[in-house]
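**Q** Here is a sequence together with a model predicted from it:
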Amino acid sequence: MATGWLGWSPELAWRIPLPELFLAMDARIEWAQMTNPFGAGKKALAAGKPSPATVADKLRQALTGRVSK
């Protein structure tokens, strides 16, 4: 996620703490939603697709082994 989706160098990806990685992922999702030229945010929810925040929460749970509240 850090080197591909966020575009960080491998050295930075290995040194960054997980909470900071999760904050960067959340910021990237928010940025993608704000800059979406098609504005399909609410339409995607109505179509039954999971929101990016839900996907990020599931990824966070898989990486940490903890359920977020």
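**A** Looks like it came in fine. All of these numbers come straight from a predicted model, not from anything done at the bench.
**Q** what about the residue lying closest to residue 2 once chain neighbours are set aside, how many neighbours?
**A** Spatial nearest neighbour of residue 2, chain neighbours left out: residue 13 (3.6 Å); criterion: Cβ to Cβ, 6 or more residues apart in numbering. Glycine gets a C-beta too; all of them are placed from N, C-alpha and C. Neighbour count of residue 13, defined by other Cβ atoms under 10 Å: 14.
**Q** Likewise for residue 19?
**A** Other residues close to residue 19 by other Cβ under 10 Å number 10.
**Q** and it, what does it touch?
**A** Residues in contact with residue 19 (Cβ atoms under 8 Å, 6 or more residues apart in numbering): none are found.
**Q** Sort out which residues of the strand or helix carrying it are buried, please.
**A** Using DSSP states H and E, the element containing residue 19 is helix 18-34. Burial within helix 18-34, assessed by neighbour count using 16 or more other Cβ atoms under 10 Å, is assigned to 21, 22, 24, 25, 28, 29.
**Q** Closest to the centroid, which residue in this protein?
**A** Centroid-nearest residue in the chain: residue 25, 3.8 Å away (criterion: Cα atoms, centre = their mean).
**Q** could you pull out the strands for the protein?
**A** Here the chain has no strands by DSSP state E.
**Q** worst-scoring helix or strand of it, pLDDT-wise?
**A** Least confident element among the helices and strands of the chain, by mean pLDDT, DSSP states H and E: helix 41-46 (a mean of 53).
**Q** Could I get the contacting residues of the residue nearest to the centre of the chain?
**A** The neighbourhood of residue 25, defined by Cβ under 8 Å, 6+ apart, consists of 1, 5, 6, 56, 59, 60.
**Q** Of those residues, keep whichever come out buried.
**A** The buried subset of the contacts of residue 25 (16+ other Cβ under 10 Å) comprises 56, 60.
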